[in-house]
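Engineer: show me the folded form of this:
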Amino acid sequence: MAELIVKSGINKGKKYSLSRESMTIGRASDNDIVFFNEVAVSRKHARFVKEGDSFYVVDLGSKNGTRLNGEPVHKEKLKEGDEILVGKSVLVFHSTSSEEAVFLSREGPVVDDSGTIYRPLKEVIDEDVLAEPAVVKPKPWQKAESAEKQVPDIRRLEKNNQILKIMNQVGRALTQIKPLDEFLDLVLEQVFRIIPAERGFLMLYDEKKNEFIPKVVRYGANIKESDKKITLSRTIAERAVKDKVAILTSDALADPRFNGGESIQLYGIRSAMCVPLSYQEKIFGIIHVDSLMSSNCFTTDDLNLFTALASQAAVGLEQARLYEKIQEESKIRANLERYHSPEVINMIINKKDVRQAQERQATILYSDVVGFTSLSEKLPPQEIAALLNEYFTIMTDVIFHHQGTLDKFIGDALMALFGVPISHGDDVDRSIMSALDMRKELHQFNLRKPKEEQLNIRIGINTGKVIAGDLGSDKRLEYTVLGDAVNTASRLESTIAQPGQIVVGETTYQLADKKLFDFLKLGEYQIRGREKRIGVYEVLGRR
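Structural biologist: You can find the predicted model right below:
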């Protein structure tokens with residue numbers, strides 16, 4: 001096996017294996033060995049060719065020429081230790097013969113009389129990358145066959161053991177309910193345990209922004225501060241998402257699949273893997289790992305493992321997202337339960353935009369306890385509070401029964417809405433039925449109370465255009481309605497309705513089903529804040 005080691009220059013320390021019969025070096029990305037940022041290197045600078053057992057360097061008409069041990073060459077045979085100057089980089093040629101093979105021992109490193117080097121077994125096993133199976137020269141205590149097989153087998157078993165442990169840990173995490181951010185951190189942590197990556201990014205797709213948003217970023221211990229930034233190749237990510245496949249590139253700069261990727265060239269990405277996070281054909285994220293330093297950093301085995309881990313992560317991610325959705329809906333439901341019936345809550349949760357401020361037609365019901373001030377003077381505060389709580393509970397149940405919305409309590413009064421945030425088509429009729437049932441339930445309430453605790457109410461109902469939605473400050477928003485129709489309903493209740501009476505405005509009367517209710521016209525009234533008089537009707541009861 002022959003190789004080139006960069007002795008000096010922009011890629012100092014890099015190793016390139018001469019594993020094919022012909023390999024080119026140059027600045028263009030379609031070369032086998034790419035010196036992208038080396039301006040002194042031509043697009044197609046030189047070629048290394050194998051003829052028989054020998055290797056040759058051939059200049060390809062480069063602008064600055066190719067030099068072998070300081071001398072310009074056109075084609076020259078390479079010998080061990082030869083130095084090749086390409087641009088401003090010096091590459092050293094090394095060839096390995098069977099006589100120069102590395103041997104294994106139990107105790108080494110040891111050099112015998114013939115100069116053969118023996119390396120300890122543990123030293124080889126602990127290496128990050130195991131080279132091709134070594135040729136073993138047996139010692140009296142060691143047989144060649146066992147040494148050849150033992151190292152790869154132990155290495156493979158140790159790696160498989162580690163993989164099984166990690167996959168098991170991820171599997172256990174999937175069965176636990178974890179917050180989304182905590183789960184995402186765990187996923188990338190496990191990726192770095194099994195993949196020799198320098199950088200890793202886990203990103204989730206944001207449908208509103210139509211882009212991938214970084215959620216977890218992780219760097220290897222040796223990564224420079226200047227490289228600790230998110231420089232993800234859009235070319236690679238889009239290819240993975242579009243084709244719904246896991247991508248491995250051993251040298252992104254030289255990979256013909258990404259010739260047009262400006263970000264790859266700009267960021268100097270060498271080895272990279274990218275896999276989409278998908279569940280039931282829907283892609284909602286990606287995991288990307290890369291190396292800016294080394295080509296051939298990842299293997300096909302790494303890609304298979306990376307893909308398997310991503311598949312498990314996708315299932316766990318969907319589970320975490322569902323858990324957060326349930327938690328969020330539980331909070332929303334708990335808040336809505338104070339104002340809406342269960343049926344209306346389900347519709348609000350399924351139809352998110354109903355709480356956005358917008359002009360709507362609504363029917364507003366105001367109800368007020370008559371003579372509450374004098375009642376408060378006769379009873380202790382604790383009894384007044386208990387009485388009001390019991391009364392409001394009964395009235396709220398009636399409103400919810402007819403799918404109305406409790407807007408607010410105002411002292412001893414309440415305000416209810418029909419038609420917003422959800423319209424049922426017969427909201428006017430529902431508001432009137434609710435008023436009649438409130439009066440009926442109050443009668444039953446009073447039968448259970450002593451005379452001094454009995455209550456009487458008056459009700460006003462009006463229909464018209466309102467601004468409905470979540471209104472308030474940044475710190476506190478409440479669903480409510482604003483507009484002239486709201487003020488008119490309040491005036492109908494406070495200035496026209498008598499104790500025990502239900503009155504409605506002209507619009508409410510016109511929209512009500514006359515087959516369901518009996519009405520009595522009370523006359524035309526001038527409502528404060530309105531220029532025109534309006535017709536007012538009393539609801540006598542159901543037909």
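
Engineer: mean confidence for stretch 279-294?
Structural biologist: In this model, stretch 279-294 has an average pLDDT of 81.

Engineer: buried stuff in that stretch?
Structural biologist: Neighbour counts over stretch 279-294 (16 or more other C-beta atoms under 10 Å) mark 279, 283-294 as buried. To be clear about C-beta, it is placed using only N, CA and C from the backbone, and glycine gets the same treatment.

Engineer: before we move on, what about stretch 55-63?
Structural biologist: By 16+ other C-beta under 10 Å, the buried positions in stretch 55-63 come out as 55, 57, 59, 62.

Engineer: need the three-state assignment for residue 509.
Structural biologist: helix (DSSP: H, G, I helix; E, B strand; the rest coil).

Engineer: let me know the closest of the buried residues of stretch 55-63 to residue 403.
Structural biologist: Within these, proximity to residue 403 (C-beta to C-beta) peaks at residue 62, which comes in at 82.0 Å.

Engineer: which residues are in contact with the closest one?
Structural biologist: Neighbouring residues of residue 62 by C-beta atoms under 8 Å, 6 or more residues apart in numbering: 26, 41-42, 44-46.

Engineer: what about 10 Å?
Structural biologist: Neighbouring residues of residue 62 by C-beta atoms under 10 Å, 6 or more residues apart in numbering: 25-27, 40-46, 86-87.

Engineer: so of the buried residues of stretch 55-63, which ones are in strands?
Structural biologist: 55, 57, 59 (DSSP state E).

Engineer: right, and the second one touches residue 82 too?
Structural biologist: Yes: here residue 57 lies in contact with residue 82, judged by C-beta atoms under 10 Å, at a distance of 8.1 Å.

Engineer: overlap in contacts, the two.
Structural biologist: By C-beta under 10 Å, 6+ apart, the residues touching both residue 57 and residue 82 are 4, 68, 76, 91, 93.

Engineer: got a markdown table for the residues you listed, with neighbour count and pLDDT too?
Structural biologist: Shown next, in a markdown table, are the shared contacts of residue 57 and residue 82 (neighbours: other C-beta atoms under 10 Å; pLDDT from 0 to 100):
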| residue | neighbour count | pLDDT |
| --- | --- | --- |
| 4 | 24 | 90 |
| 68 | 19 | 93 |
| 76 | 17 | 93 |
| 91 | 26 | 91 |
| 93 | 20 | 92 |
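
Engineer: mind putting those residues into a markdown table with distance to residue 187 and secondary structure?
Structural biologist: Listed next are the shared contacts of residue 57 and residue 82 as a markdown table, based on distance: C-beta to C-beta, whole Å; DSSP: H, G, I helix; E, B strand; the rest coil:
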| residue | distance to residue 187 | secondary structure |
| --- | --- | --- |
| 4 | 38 | strand |
| 68 | 50 | strand |
| 76 | 52 | strand |
| 91 | 40 | strand |
| 93 | 43 | strand |
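
Engineer: let me know the closest of these to residue 313.
Structural biologist: Using C-beta to C-beta, the shared contacts of residue 57 and residue 82 come closest to residue 313 at residue 4, 38.6 Å.

Engineer: what comes up buried for the helix or strand where residue 182 lies?
Structural biologist: According to DSSP states H and E, residue 182 maps onto helix 180-194. By 16+ other C-beta under 10 Å, the buried positions in helix 180-194 come out as 180, 183-188, 190-192, 194.

Engineer: among the buried residues of stretch 279-294, name the ones in strands.
Structural biologist: 279, 283-291.

Engineer: biggest strand in this structure by residues?
Structural biologist: strand 457-472.

Engineer: which parts of the stretch 151-300 of the chain are helices?
Structural biologist: Listed in chain order, the helices of the stretch 151-300 of the chain (DSSP state H, counting those that start in this stretch) span 180-194, 234-243, 262-267, 300-336.

Engineer: what mean pLDDT does the longest strand of the chain get?
Structural biologist: Here the average pLDDT along strand 457-472 is 90.

Engineer: then stretch 165-172?
Structural biologist: 68.

Engineer: what's the answer for stretch 422-437, then?
Structural biologist: 94.

Engineer: ok so, going back, quick check: which of the buried residues of stretch 55-63 has the minimum pLDDT.
Structural biologist: residue 62 (88).

Engineer: which one of the shared contacts of residue 57 and residue 82 sits closest to residue 273?
Structural biologist: Nearest to residue 273 among the shared contacts of residue 57 and residue 82, counting by C-beta to C-beta, is residue 4 at 25.3 Å.

Engineer: in a markdown table: the buried residues of helix 180-194, plus distance to residue 18 and pLDDT.
Structural biologist: Formatted as a markdown table, the buried residues of helix 180-194 follow (distance: C-beta to C-beta, whole Å; pLDDT from 0 to 100):
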| residue | distance to residue 18 | pLDDT |
| --- | --- | --- |
| 180 | 48 | 76 |
| 183 | 45 | 79 |
| 184 | 42 | 83 |
| 185 | 42 | 85 |
| 186 | 42 | 81 |
| 187 | 39 | 83 |
| 188 | 36 | 85 |
| 190 | 36 | 79 |
| 191 | 32 | 83 |
| 192 | 32 | 83 |
| 194 | 30 | 77 |
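
Engineer: can I get the residues you listed in TSV with distance to residue 414?
Structural biologist: Formatted as TSV, those follow (distance: C-beta to C-beta, whole Å):
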residue	distance to residue 414
180	40
183	45
184	46
185	48
186	49
187	50
188	53
190	55
191	57
192	59
194	62
